[in-house]
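Undergrad: Got a predicted structure here, sequence first:
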Amino acid sequence: MFVMNFLIRRLAQGVVIIFLVSLLIFTLLRVVPGDPVRMMAGGMAPDALIEQIAKDMGLRDPILVQFGRYAAGVVQGDLGQSFVRPANGAATGGATFNDSSRGERAEVFDLVVDALPMTLQLAALALAFALAFSGLVGIAGGLAPGRWPNKLAFYISSIFISLPNFWLGIVLTLLLSVKLGWLPAIGYNGFGYTILPAIILAVELSPVLIRTLTSSIAAQMGASYVAVGAVRGLSRSRIIANHVLRNASVPLLNLLGIQFSGLLGGVVIVEYIFDYPGLGLLTINAVLQRDFPLIQGIAIVTSAIFVLINILVDLAATSIDPRLEY
Amino acid sequence: MTTDINRRRFLRGAAGAAAASGFMQINPDFFISSAFAATGKPMTFLSAENITGNWDPTAHTTLSQKNIEGFVMGFLTRTPMRLDNPGAVNNELATSINLLDPHRLEIKLRQDIVFHDGKPFKAEDVKATFEYGALPDRPAQWYPGPTETLTITTPDDYTVIIDTSKGGYPAHLFIFLASFLPIMSAKDIAEGPGGVLSQRLNGTGPFKFVAQQGNDTVLEAFDGYFKGKPAIPAIHFTFVGDSTTRMLSLMNGQASIVERLEPEQVATLESNPAISINKVVSVENKYLWFRCSKPPFDDPRVRMAACHAIDRTQILEVLGSAGHASSNFVSPVKFGYIDLPNYPEYDPDKCQALLAEAGFPKGVGLPPLEYITSVGFYPKTKEYGEIIAAMLQEQGLPVSLTVLEPAAWNERLYDRPGGGPGHMVDCGWSTASPEPDLVLRTHFHSSSHRITGIVDKDIDASLDKERSAPTLEARQKILQEETMPLIASKMPALSLFTSVMIHAMQKEFVGLYIYPDGSMDASAAA
C-alpha cells in the first residue's frame, strides 16, 4: 500500500516536473536567435516565403498556443517530426527552399527510440564501472581514516575531478586504442565500443561517489552500534558487510539520483568525442541544426528518465531505511 | 564542319595553373586492382560534412554527398587536372565527345553498361539527365542554360547530340560538365523530383547504394560494374563532425581515410609511418563577401578601400598549410585562372585615398560595420577574422566581428531584398568543376543575388560575353583580359586565399583519389 501511494504521489509530481521542463525548453527555444524555418528553407529563401512557411507551420502563433498544440500531441505519444532529418535516416537536411524533391521528415519518437538504448547502455556501464571503482577505493578509505587508503581515496578523487572529460577521452583513446590497441574507440560496431567512453564517464562520476562513501563509512564506523556489535561478539567483517555498508549506502543512493543528471550532461560531450550514436550525439546535432521538435523530444525523454530514476532511488532508500519519508 | 575537340589543348587551358584539387572523386580502377583491394576489407571514409538526406544529385551542391556520388554514379568522363599530365582524359560512359559546330556537341557512349537496378545504360539516360538537371527549379544549377534552351537528340541508343542554338551559348560548355555530372537513369527521372531519385542513388559506378544508417552511408561492390566487380566488398562513408575524433579513428586503424585535417594535426600524423598525408590545392576559395546592395559597400570605392586595408599575407601565416596564395576570384585549378595584375594588394595609402574620395576620410562618417564569420567548419576563421577586423579598424573602418556557429552563420549568409544581414560575410565557395562561371556568374551576375547582391550592368555584359565565346581559347582570353580584371576593379568580394584540403589515409589507400578533375595513378597505390 505504501509503495502504491508513494508511486502515485511521486509519478504525479514527476508529470508536473516534465510539463514544466517541456514548457521551459519550448519557450527558450523560441526566444533564442536562429530561425528554424530559415534552416529548413535554406539561406536563399526570400523572407516572404520564410514567413509563409512559418505561418503554415504555426510557428508565428503565440508560444502558449504552440505549446498547447505540441503538448496535446505529446499526450497521445506524438513527439512530432524533425524539422531537418529525413525519414531515410540521413544525417541532416538543408536542401533549398524550392526543392520539390525533399523527402519525408523523420519522426522524433523514432529518432529518440533508436538512440536511447545506446545511451542507456553507455550510462549503465559507466555507473557499473564507477560504483565498482568507487566502492573499492571509497570503502577502503572510509575504513582507514587518516591512514594511507584514506589519503589515496582523497588524492584519486581530487585528480579525477580535475580531469576534463574531453581531454581524458582523447588521451585514453590515444593510449588504449591507438598505442596499445586494446579497445576500439570511435563510432559503434559492437559492445566493445561502449567500454572506453564508459570509462571516461566513470572517471567523471567517481570523485563524488568516493568522497561520499569514504565520509559516510567513516561516520558509520564511529557510530555506537559498531562498538556494541563488537561487544556482542559480531566479527568486524560482519559488522561492516551487514550494517555499516547498508547504512552508508543511503546517502550514496541519493547521490546517484543527482549524479545521473551529471551523467546525461557528460554523455553529450563524450558521445560527440567518440562519435557514439546515442542521445548525446543526437542532441548536439539537433541543437546545431535548430531542430526544435527533436530538442524538445530529447528534453522530455531525458527529464522523464531523470524523474523515474529519482523515484526509484527514493524507493530503494526508503526500503533500506524505513525511517526515511519521501 | 566537324571539329574534334583537342583534349590535350582543352585541358592544358583548363588546367594551365592547376594543382590537384580537394574535390574527391574516386578512381574506379583503384577498387579493382590496388593492393588494398586484394585484402578484401571494407573501406571506411570519415567525412567532415554531413549530407542532405535527399539523394537527387541535382538537389544539392554539398561536397560530401558529391563524394558519395563519385563512388556510386557514372560520369561521361573523368578528367585529370594534373600538372604533370594535363592532357589525360579517362572516358567512362562516353567513348568520344566531338564538337560538330559551335552549337552542337556529339557524345558517343559505351554499350556494355548497366545501372545498379539492372536497366541498360543508353542515350536516353544522358538526354534525360541533362534535360532534368537543367530545369530551372533544380537547386544545383550546374547547367549553362535552362532546359528550353537545349535540344537534345538521340540518333541511336548510344549517340547523344546536344544543340544549344536556341540558348545562343556555345555547346562546348557541356564539355566541362561531362566530367562531373552524374548520369541518372531515365526511368528514375520519369518519376519526377518527388520519386525514387530522392530516396536512393542508382548509378553505374563501382559501388551501389545499400542504405543510410544514421550518419553512415553503406555502399556495396556492384557485380555488374563494367570494369569488373570491385574487390573491396563495401564502403562505409560516415559523417564525423569532430576533426580530433576523425584523426584518432585513423590512428587506431578504424578509419581508412579522413578529410579536412587541421594544420596542427598534420604534424602529429606526419610522423606516423602507417599514415599518408595528402595536401591539395582545392577548388575552394575563401572570400570576404561585401553586401553590395546596401551602404556603404554599394560604393565600389569603399569596397576597394577595405580590400587595400587587408594584408592577405598575414592571413596566410595564420592558416599555415591550410591556405594557398591566389589573386583571383576562382581557384588556380579552375579554367581561366591567372594572377590578376589589378587584384588589390595591401596599401594603406590607397585605402585612405579611396575612403576620402568616397566621402569618409579616415573612415569618419561610416556606419558601424558588422563582419559575420563562422567557427567550427572552416579552419581558423575566427583567428583570421580577428586579424581582418583589426586591420580594417586600423584604417578607420568601424568593424565589429560577429562569430557564429555554422547553423546561425548559414542563416545569415545569403543576400535578401534590401541587403543581407551585416555588411561583410566570410564564406568559402567550392564547386567541383573547372568551370569558372560556377563562381563568377553565380556570385557576380545581377540575376543571381547569391551573397553580395551586386547589380552591375558592365559585369553582366562581360560575363555574358565570355560565356558566349565560340571557342575555349577565345573564352579564356576574354576571362583573363576583360571579365576577371573588370570584377577586380569593382571588388564585390575579396577572395582571401585558396583552401588547401588535407586528407590523411592509411598507407595502402594512396592512389585512391582523382582530383578535379583528375586522378592519381591507381598503379601507384601501395
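TA: Here it is on my side, so go on.

Undergrad: right, and A:I269 touches A:L168 too?
TA: No: with contact defined as C-beta atoms under 8 Å, A:I269 does not reach A:L168; the gap is 10.5 Å. Heads up, the C-betas are built off the backbone N, CA and C, glycines and all.

Undergrad: who's in contact with the spatially closest residue to B:T58 that is not a sequence neighbour?
TA: Leaving out its chain neighbours, the residue that sits closest to B:T58 by C-beta to C-beta, 6 or more residues apart in numbering or on different chains is B:R138, at 4.1 Å. By C-beta atoms under 8 Å, 6 or more residues apart in numbering or on different chains, the residues touching B:R138 are B:T58, B:A59, B:Y132, B:P193.

Undergrad: Just give me the least confident of the residues you listed.
TA: For these, the model is least confident at B:P193; its pLDDT is 71.

Undergrad: What count of nearby residues applies to that one?
TA: 19 (other C-beta atoms under 10 Å in any protein chain shown).

Undergrad: can you list the weak-confidence ranges in chain A?
TA: Applying pLDDT under 70 to chain A picks out residues A:1, A:33-34, A:38-46, A:86-104, A:261, A:323-326.

Undergrad: which helix in it runs the most residues?
TA: For chain A, the helix that runs over the most residues, judged by DSSP state H, is helix A:108-143.

Undergrad: looking at this, B:I338 is in a helix?
TA: No: under DSSP: H, G, I helix; E, B strand; the rest coil, B:I338 sits outside any helix and is assigned coil.

Undergrad: Distance of it relative to chain A?
TA: To chain A, B:I338 is 30 Å away according to C-beta to the nearest C-beta, to the nearest Å.

Undergrad: ok, and the closest non-adjacent residue to that residue?
TA: B:Q480 (4.9 Å).

Undergrad: Point to the residue nearest the middle of the chain.
TA: Looking at chain A here, since you left the chain open. Against the mean C-alpha coordinate of chain A, by C-alpha atoms, centre = their mean, the closest residue is A:L264 at 2.0 Å.

Undergrad: wait, chain B
TA: Closest-to-mean residue, chain B, C-alpha atoms, centre = their mean: B:T431 / 1.7 Å.

Undergrad: That one against B:L438, yeah?
TA: Yes: with contact defined as C-beta under 8 Å, B:T431 counts as touching B:L438 (3.8 Å).

Undergrad: And the strands in the stretch 101-250 of chain A?
TA: Assigned by DSSP state E, counting those that start in this stretch, the strands in the stretch 101-250 of chain A fall at A:105-107.

Undergrad: A:I161: what's it in contact with?
TA: Applying C-beta under 8 Å, 6+ apart, the residues near A:I161 are A:P207, A:V208.

Undergrad: Distance check, it against A:G138.
TA: Going from A:I161 to A:G138 by C-beta to C-beta, to the nearest Å gives 14 Å.

Undergrad: what's the answer for B:M251, then?
TA: The value you get for B:M251 to A:G138, if C-beta to C-beta is used, is 35 Å.

Undergrad: So if I had to pick from the two, which one is more boxed in?
TA: Taking other C-beta under 10 Å, B:M251 and A:G138 do not tie; A:G138 has more neighbours (29 against 24).
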